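K.L.:
What follows is a predicted structure for the sequence shown.
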Amino acid sequence: MAISARGDYFDRARGVAASFCLAAAAAAIIGALLPWVKITPAPEAVPGVRNVSQPFTGLEARDGWYVVAAAVAIAVTTTLSVSTRRRGFVWFSILASILIGAIAIADLRAIEDTASGISRRMDIIGDADPAFGLWMVAAAGVISLLGSVGLLTATPRPRTNGIET
């Protein structure tokens, strides 16, 4: 079978999957910097009293720092996996993708609950709803997980004595 100058099918698939992972890592970092919570004053707001708190980003909520660290891990392990053609690095990317998704889903569920940890940490006053940054992080977690699984699938297993293992 002839291999074209652009590489075989799996080389191209690895490149596409790595592109998804790197784009998702960048989106997760950007999402961590954007507002995670939009806050509207409660309808029974009293004039002259602090009725609403300011929107805050993922970094201000502290969970964004974990997202940034996981996104950097995805970028590094994806680059290492593509450059070395080794599958072992991809597992770290999969775990980091799961971490990003878990943080985003937990915060999406907890924002409207005034008894949740994120609401207490940020002293939310008013009606809180998830903002664009948090949705962006959630989407980045899903996309990086799909890209990581694609990268794992397209990366060859190591050969032992010329026999595929």
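P.N.:
Yep, it's here.
K.L.:
Going by C-alpha atoms from here, please, whenever you check contacts or count neighbours.
P.N.:
Fine.
K.L.:
all strands of the protein, in order?
P.N.:
Counting by DSSP state E, the chain has strands at residues 35-40, 56-57, 127-130, 159-160, 163-164.
K.L.:
Rounded mean pLDDT for the longest one, please.
P.N.:
This points to strand 35-40. The average pLDDT for strand 35-40 rounds to 82.
K.L.:
Give me the pLDDT for Val46.
P.N.:
pLDDT recorded at Val46 is 58.
K.L.:
Quick one: the strands of the chain as CSV, columns for mean neighbour count and distance to Thr153 too.
P.N.:
Putting the strands of the chain into CSV (neighbours: other Cα atoms under 10 Å; distance: least, Cα to Cα, whole Å) gives the following:
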stretch, mean neighbour count, distance to Thr153
strand 35-40, 22, 33
strand 56-57, 20, 35
strand 127-130, 20, 34
strand 159-160, 8, 16
strand 163-164, 8, 15
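K.L.:
For Asp11, find the nearest of the ones you listed.
P.N.:
The closest of the strands of the chain to Asp11 is strand 159-160. By Cα to Cα, the value is 16.9 Å.
K.L.:
Quick check, pLDDT for the residue nearest the centre of the chain.
P.N.:
The chain has Gly141 as the residue nearest its centroid, 3.4 Å off, counting by Cα atoms, centre = their mean. On the pLDDT scale, Gly141 is placed at 97.
K.L.:
what's the closest non-adjacent residue to it?
P.N.:
Nearest residue to Gly141, sequence neighbours excluded (Cα to Cα, 6 or more residues apart in numbering): Gly101, at 4.5 Å.
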